[in-house]
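> Fold the following, please.
(chains A, B and C)
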Amino acid sequence: MVVIRDFAVQGAQMLIVLALAPLLTGFVRKVKARMLARQGPPLVQPYRELIRLMRKEVVLADNASWLFRVIPYMVFAGTWVAAALVPTFATGLIFSWSADLIAVTALLGSARFFVALAGMDIGTSFGGIGSSREAMIATLAEPAMIMVVFTLALLAGSTQLSELAGFMLSPAVGLRVSLALALIALIMVALAENGRIPVDNPATHLELTMVHEAMILEYSGRHLAMIEFAGSLKLLLYVSLIACVFAPWGLVSPRAGVLAFIGAAVAYLGKLAAGGFLLALFETGIAKMRVFRVPDFLGAALMVSLLGALLLFVSRSL
Amino acid sequence: MDGFQLDVAHLFAGGLVLLSFIMLYQDRLYALLNAFALQAVVLSLSVAWQAWIQGAPHLFISAAIALVFKAFIIPIALHRIIAELGIHREVETVAGLGPTMLFGIGLVALSMVVMLHVTAGGDPLAREDIAFALSVVLLGLLMMITRSNAVSQVVGFMSIENGLILAAAGAKGMPLVVEISVAFSVLVALIVIGVFLFRIRERFDTVDVGVFDRLQGQRR
Amino acid sequence: MTTLATLLLSVGALLAVAVLSLAAGRARHAGEIVYAACLALSAVGLVAALTHLIAAAAPAEIVLPLGLPWTGAHFRLDALSAFFLALVSLSSGAASLYAIGHGGEEPEPERVLPFYPIFLAGMNLVVLAGDAFTFLLSWEVMSLSSWALVMAHHREKENAHAGYVYLVMASFSALTLLLAFGFMAGADGAYAFDSMRAHMATASSTGLVLALALIGAGSKAGLAPLHVWLPLAHPAAPSHVSALMSGAMTKVAVYAFIRIVFDLIGPPSWWWGALVLAIGGITAALGVLYALMQHDLKRLLAYHTVENIGIIFIGLGLALAFQAYGIGAAAALALTAGLLHAFNHSVFKSLLFLGSGAVLSKTGARDMELLGGLIHRMPQTAFLFLVGCAAISALPPLNGFVSEWLTLQAILLSPQLPSWGLKLLAPAVGALLALSAALAAACFVKAYGVTFLGRSRTLAAESAHETDRFSLAAMSLLAAICFIAGIVPSLFIDALAPVARSLVGDRMPAQFGLAWLTIVPIAESRSSYNGMLVFLFVTASGCLAAWVIHRFASHAVRRAPAWDCGFPDPSPATQYTAASFSQPIRRVYGAYVFLAREQVDMPAPGELRPARIHVELRDLAWDWIYAPITRAVSYVADRLNPLQFRTIRQYLSFVFFALVALLTGLAVWS
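The predicted structure follows:
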């Protein structure tokens, strides 16, 4: 009975993540539009777009390989599993011990690996631009993410996300400089990984400014729907991660009652809304950097996270 | 002095180090001035917090002086100097951004190791604060040597003084007279530098020190 | 018959095969028979080594009356030797299987066939050696036979240069190892490893031995800055030999280092760990950055070997550091991580080299800029190569991720170390490790994308066809091992437990009995990873998504020319090349790491000549270390040259004065 309940909670987490991802994207777009004094698309527009794309015919290039057709499913599956492993409303889920934060980062990295391969598959120069720029961004964003994981793991004594959330909820955490530095670095990495301003413009189709859009230029129909869905899931993952680690109030253990679950779900929705709002505010207030300033930006993120880890190593001895 | 107070003090001191890095990262003069003003605000908050937890009310005055002079008066003055000199262009850096930041991290590590070795057996709060203060001083010096624009070198010099004030505030008591004299000496230095900048500009039509080196016969 | 005796007999059989192949010469199926024999003997070696390792048997020793009269030849099989033997045998088996299909394509088979079994025998003997003389003799046999194999295609000038550099570096490494063993043997000249173990040495002499071992074994393994021969020599050899050199011979060098430093010279000092850790980190980052700049597929793989050796040495350095402070559990974790990465690397690097060999033999080109679109022409090779690329980029659920994860967990334990230097070094090395992992993924996106994906750039690539079934079988075997080692890593970690126990005195917690085949390196609350569950989850989610889509979404697919924003260009020359892919990364890192300089020669408007871009990369190790040493040696040689042209009277007076000097020395000293 308990096992069935645990499975049900884990399944609920997977479904909630899947259902909320396009809503978050729609919310961010709506808030950005409102800040620019526009009406903006309705909140459920991303759902409509996904359904529309599913119904359309796929147009494949003549020389697209089997890998090109399989990659959208692999990317979607990998991102979904990674998003389902980050605690949203409950910690200590039944499969949360199968992959820790490093494994989640690596799953996202493998999704990015395959999208970059898809960009190279057709053999156009657009795909090449996207893949090579994405590779450059990844070589700096991933180490910064790993250093953030280091900092958090050194503080909490574990790389498991449930343990991390539990540690952040406990009174032992305190206000630490390293945590502040880790938060700043994590936000910078999240911006880069999700292709948000100032690193990449998610709404553009100009080659000078594209990174992610250039890699998926040749995708259409249901394949494009999968990839867009995976993009929304990735955004949800990062917002959930920041919320789970730095604003963990409201997370319940899986043994709690139904009422506690509902409360935790409401708290999670609130965190998503707050995160989406802040993201929209930040994106509206700042301009996109030119591509060769992005290494400076991410290099700064790497330095900040390295500084956070260094300070932790040093202050341990006091 | 319980854990929460320690943590907040460390947070402010760490914020100062982070702001030094942010100043190193900037390549526009106005943004550099804004970062410097923010550093002065955080410094005054830090000194005020020290005043609160040490129960030393004269430090509140130091905090107020830091806030008024270094967060408002000096940035506004430098703003006007820049506008009159017409040099609101990019700040030229000598070394690339990457190696500068890496070297900055190395300096922070060095100052931590040095300070924690030298002050072994002291109060943990003071030790870590002094280590952070030395980092801010070293990073200010790094900024001075990696910039070729005289105004940004002045800002670097100011941030060195911020680090010194942080160290003095954390060391449990600093007589007010020292603080006033330090503040006035900085103000005087600024006025002198401002005057000199105008004279240099009149003579050479530029304040880029690279030009001065070439005029002297050296090449960078 | 004991395991050790079996192994020695199979080595003897390998030498016999070598002699027979000399006699067979250019007989029709000589190549296939020789390689099949090597395959069989490697399988025997693998089974024997695995039984010894898994049974955690006690060390066995045999003394044969060969070699020096008063020492004999000691052979010893313990857990460490068994592990490395299994590794070497697996690689050599796969390479031999591959060569059964490809060996007949050699233009001059008599330059390759006799030396290949000798090479295998040499590697096995190094791992089995129980005294310094046998060790060094086998080391030299290994070096010389691989040199002969590198020179197999000697008609190309760059291969001759590669062979020369390789010979110089191999002699150098043998010399430093000889010195190291000399120091360890002490004044009584006890060459057997047992007596070296018992010999108590001073701290300064053990430090010197560590430095010599690091230089000697490190130059063979490919540590920076002694790695310069590796990217020249590994690509020059035939493909199956390249796979062995990168996959197995570098691991034999790692074995030499572990044997000397962990086993023979006693307890470590704290700075040993720091030194090895720092060198490992720098090697990892440098290796992958150089790999990113290459467009020759085999040279890219060779530089990548340098990076992975760096990662192995990061694990070994951490193990040394933990052991110096007596933190046994963490030392076991770090050592297991390093050894597991050595095994994983030998598997996927062999797979990648065999794949590039298949590409080379079917298209005649090693240069990525001449390939492209091979996924359509060589589908199975492309799939297996993709598995290798994913494994080497540390993507879950394959095996590269497991060893990298374990290394990161070991670095996370390093705040326990009391030394300041190590405390600051560990997060820096962690950042370097993460950086090299991300750069490796970028490197293999480039390698796979330019070679196999896209459109064919030349006729050779367009007209390629699939490789033969022996090569495919060898590559499939290695790919399957990559997959299994990623899904069920607990088996491999438990197999390494006797090795860790014999070297650092402690072992990781037993992994195999844990629920659902998870691995828990330190404690349940601290971290855990389950490769199989991750794989099942991802597969299930993918299948569920595919089912939902095929139930509810449209099935229509239409083929059309590529969209390319409305301006598709029919020429395959307009797609991204290897150099263009790596240009952003070169721009970010290149100015500092290899002094990259770019010159663009733009014609004025109206001129008809093409624009040219000229990129210059320098290997700083060559400029700062090797070139000055070469110049100094040439200078001294020139100065000493007149000695060749003396008269007989002058030579006699040299002999006379040398004798007088030695007698004087004897008189003064005694």
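> Could you pull out the helices in the stretch 101-250 of chain C for me?
Using DSSP state H, counting those that start in this stretch, the helices found in the stretch 101-250 of chain C span residues C:115-128, C:132-150, C:157-185, C:193-198, C:203-221, C:230-236, C:239-244, C:250-258.
> which residues touch the fifth one?
Contacts to helix C:203-221, defined as Cβ atoms under 8 Å, 6 or more residues apart in numbering or on different chains, come from residues C:143, C:169-170, C:172-177, C:179-180, C:183-184, C:201, C:223, C:226-227, C:229, C:249-254, C:256-257, C:260-261, C:265-266, C:268-269, C:271-272, C:275-276, C:279, C:309, C:313. The way it works is simple: take the backbone N, C-alpha and C, and place the C-beta from them, glycine included.
> Among these, which ones lie close to chain B?
Among the contacts of helix C:203-221, no residue is within reach of chain B (Cβ under 8 Å from any Cβ of the partner chain).
> Number of residues surrounding the residue of the stretch 251-400 of chain C found nearest chain B?
Nearest residue of the stretch 251-400 of chain C to chain B: C:Ala285, at 12.5 Å (Cβ to the nearest Cβ). C:Ala285: 22 surrounding residues under other Cβ atoms under 10 Å in any protein chain shown.
> Need the helices of the stretch 101-250 of chain C in JSON lines (columns: mean neighbour count and mean pLDDT).
Listed next are the helices of the stretch 101-250 of chain C as JSON lines, based on neighbours: other Cβ atoms under 10 Å in any protein chain shown; pLDDT from 0 to 100:
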{"stretch": "helix C:115-128", "mean neighbour count": "27", "mean pLDDT": "93"}
{"stretch": "helix C:132-150", "mean neighbour count": "22", "mean pLDDT": "92"}
{"stretch": "helix C:157-185", "mean neighbour count": "18", "mean pLDDT": "90"}
{"stretch": "helix C:193-198", "mean neighbour count": "16", "mean pLDDT": "78"}
{"stretch": "helix C:203-221", "mean neighbour count": "21", "mean pLDDT": "89"}
{"stretch": "helix C:230-236", "mean neighbour count": "26", "mean pLDDT": "90"}
{"stretch": "helix C:239-244", "mean neighbour count": "29", "mean pLDDT": "91"}
{"stretch": "helix C:250-258", "mean neighbour count": "25", "mean pLDDT": "94"}
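> quick one: A:Asp6 and A:Ala90 touch, right?
No. A:Asp6 lies out of contact with A:Ala90 (Cβ atoms under 8 Å); the separation is 10.0 Å.
> on contacts alone, who are the packing partners of the strand or helix carrying B:Ala133?
If you go by DSSP states H and E, B:Ala133 is part of helix B:124-145. With contacts taken as 3 or more Cβ pairs under 8 Å, 6 or more residues apart in numbering or on different chains; DSSP states H and E, helix B:124-145 sits against helix B:3-25, helix B:97-118, helix B:150-170.
> that older thread, who are the contact partners of the residue of the stretch 251-400 of chain C closest to chain B?
C:Ala285 touches C:307, C:310, C:432, C:435-436, C:439, counting by Cβ under 8 Å, 6+ apart.
> As a check, name the ranges of all helices in the stretch 501-650 of chain C.
Using DSSP H, counting those that start in this stretch, helices in the stretch 501-650 of chain C cover C:531-552, C:578-581, C:583-593, C:620-621, C:627-640, C:648-669.
> out of those helices, deepest packed?
helix C:578-581 (a mean of 22; mean count of other Cβ atoms under 10 Å in any protein chain shown).
> Show me what it is packed against.
When contacts are defined as 3+ Cβ pairs under 8 Å, 6+ apart, helix C:578-581 packs onto helix A:125-156, helix C:420-452.
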